[in-house]
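Engineer: sequence and computational prediction follow.
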Amino acid sequence: MRILHWTDNFLPLIGGLETFTRDLARAQHAAGHEVHICTSPIPGLPEVETQPGYTVHRRAAPSHAILTEPRRLGELARAGGDLRRRLRPDLVHVHLSGLAAWIELIGRPGDSGPVLLTAHTTADSGLTAPAVTRRVLAGADLATTVSADLAAGLEAAFPDARPEPYEVVLNGVAAPTLAPAPLHPAAGTLLSLGRVVREKGFDLAIRALALLPPATRLMLAGDGPALPALQTLAAELGVADRVDFRGWVHPDDVPALINAADIVLMPSRWREPFGLVAVQAGQMARPLVATRVGGLPEIVRDGETGLLVPPEDPAALAAAVRRLQADPALAARLGAAARRRAADTFSMARCAAAYATLYDRLRHPRPATA
């Protein structure tokens, strides 16, 4: 089968969706499929590039400016349609996280094959206008989400967009080759990882650190616009010497970074659609303390693979950390269970097989029964 993935950004730009698309493409290639990826151009890189397992076509070029530039929007749509007609994919898999899905929809040839859409972001993310999101959701033959919470949010925001419920396909995460290091929760090295934006709640992690024993340290890895405010907050709370701002970390180095921590914190205030870091922590057998928001409770089983706390509550965050510091056996048990769940539930093989089943349903629909 010839599969065409359609997404806003792709490698070498680094992010959770970019990495997921690459790993899914590799798994599909290993299963015998021909895989193509249509995405935005990057200065200095060729328009067409063949990588092991897939071919990249850089031509979608979405930006919010195109909504007020009909001519440019039309050019992009025609270019996308031309690519579709040339490749003649058996199925197009659209990843909704920005405006590339809109370009795919308006440039879709009339004789195109089936389209499966996966929503990766919430209705209120601001990445697409509500009217655009609704049209994109309605225009797919089958729509999936990466968590049940995201499906419920889209159904509430766009109740009449689709006649059928969303299928939920949890993301797969490629397993690291690095083995987990031993845990030392009493030492209390904490880690928060991700885009440094207000929605990630890293300020709550710093406030929780101020409530913990002086020997406890926090590694904060990532980059983003909230970084200066976090550095100021750490100084104001008197914990600047206990916070290690690591900056941006390449995805290939994330397992080693997690290995250097004993407890991983995800204090998100945003309604996380999925929560990649939660799975990565489990892969390295690290206990996770996360807020009970969005799709995180679908990854973290409270008291079994991690601990869940209310959002916007640094005292509860600190209490959960102290509980793990005081009970190394509990920390080890949660980490081991999280590692098993990551391997069983969030493997890329399981994710690719789930999408293969949906692809087959679209390409070979069963006759309607009376």
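Structural biologist: Yep, it's here. Residues are numbered from 1 along each chain as shown.
Engineer: what about the strands in the stretch 101-250 of the chain?
Structural biologist: For the stretch 101-250 of the chain, strands defined by DSSP state E, counting those that start in this stretch occupy the ranges 115-119, 142-145, 167-168, 189-193, 217-221, 243-247.
Engineer: list the strands paired with the second one, with their directions.
Structural biologist: Yep, that's strand 142-145 we're talking about. When pairs are called by DSSP bridges, strand 142-145 turns out to pair with strand 115-119 (parallel), strand 167-168 (parallel).
Engineer: wait, isn't His250 in contact with Ile14?
Structural biologist: Yes: assessed by CB atoms under 8 Å, His250 is found in contact with Ile14 at 6.9 Å. C-beta coordinates here come from the backbone N, C-alpha and C atoms, glycine included.
Engineer: who's more crowded, the two?
Structural biologist: Neighbour count, other CB atoms under 10 Å: between His250 and Ile14, Ile14 has more, with 13 against 8.
Engineer: can I take it that the more buried one is in a strand?
Structural biologist: No: checked against DSSP: H, G, I helix; E, B strand; the rest coil, Ile14 lies outside a strand; its state is coil.
Engineer: now it. Nearest residue, chain neighbours left out?
Structural biologist: Of all residues not flanking Ile14 in the chain, Pro251 sits nearest, at 5.9 Å (CB to CB, 6 or more residues apart in numbering).
Engineer: buried stuff in the helix-or-strand element of the chain with minimal mean pLDDT?
Structural biologist: Ranked by mean pLDDT, DSSP states H and E, the weakest helix or strand in the chain is helix 70-87, scoring a mean of 87. Neighbour counts over helix 70-87 (16 or more other CB atoms under 10 Å) mark 73, 76-77, 79-81, 83-84, 87 as buried.
Engineer: next one: stretch 337-350
Structural biologist: 337-339, 341-342, 345-348.
Engineer: just give the nearest non-adjacent residue to Pro310, would you?
Structural biologist: Once flanking residues are discounted, Pro310 sits nearest to Ala316: 5.6 Å by CB to CB, 6+ apart.
Engineer: can you pull the pLDDT of that neighbour?
Structural biologist: pLDDT recorded at Ala316 is 98.
Engineer: any idea which helix or strand comes after whatever helix or strand it lives in?
Structural biologist: Secondary structure from DSSP states H and E places Ala316 in helix 314-326. Next helix or strand after helix 314-326 toward the C-terminus (DSSP H and E): helix 328-345.
Engineer: dig out what Ala290 forms beta bridges with.
Structural biologist: Applying DSSP bridges, one finds that Ala290 bridges with Met266, Leu308.
Engineer: low pLDDT regions in the stretch 1-150 of the chain?
Structural biologist: The stretch 1-150 of the chain contains residues with pLDDT under 70 at 61-68.
Engineer: please, where are all the helices along it?
Structural biologist: 16-30, 70-87, 100-106, 130-139, 148-157 (DSSP state H, counting those that start in this stretch).
Engineer: just the ones you listed: most buried one?
Structural biologist: Of the helices of the stretch 1-150 of the chain, the one with the most neighbours on average (mean count of other CB atoms under 10 Å) is helix 100-106, at a mean of 25.
Engineer: list the contacts of Arg59.
Structural biologist: By CB atoms under 8 Å, 6 or more residues apart in numbering, the residues touching Arg59 are 38, 40-41, 47, 76, 79-80, 83.
Engineer: how is this protein carved up into domains?
Structural biologist: Split into domains by automatic domain parsing, the chain comes to 2-172+348-363, 189-345.
Engineer: if we can go back for a sec, highest mean neighbour count out of the strands paired with strand 142-145?
Structural biologist: Compared across the strands paired with strand 142-145, strand 115-119 shows the largest average neighbour count, a mean of 25 (mean count of other CB under 10 Å).
Engineer: specify the angle between that one and helix 148-157 in degrees.
Structural biologist: 100 degrees (axes from the mean of the first three to the mean of the last three CA atoms, to 10 degrees).
Engineer: strand 115-119 versus helix 130-139: what angle between them?
Structural biologist: Inter-element angle recorded for strand 115-119 and helix 130-139: 140 degrees (by the same axes, to 10 degrees).
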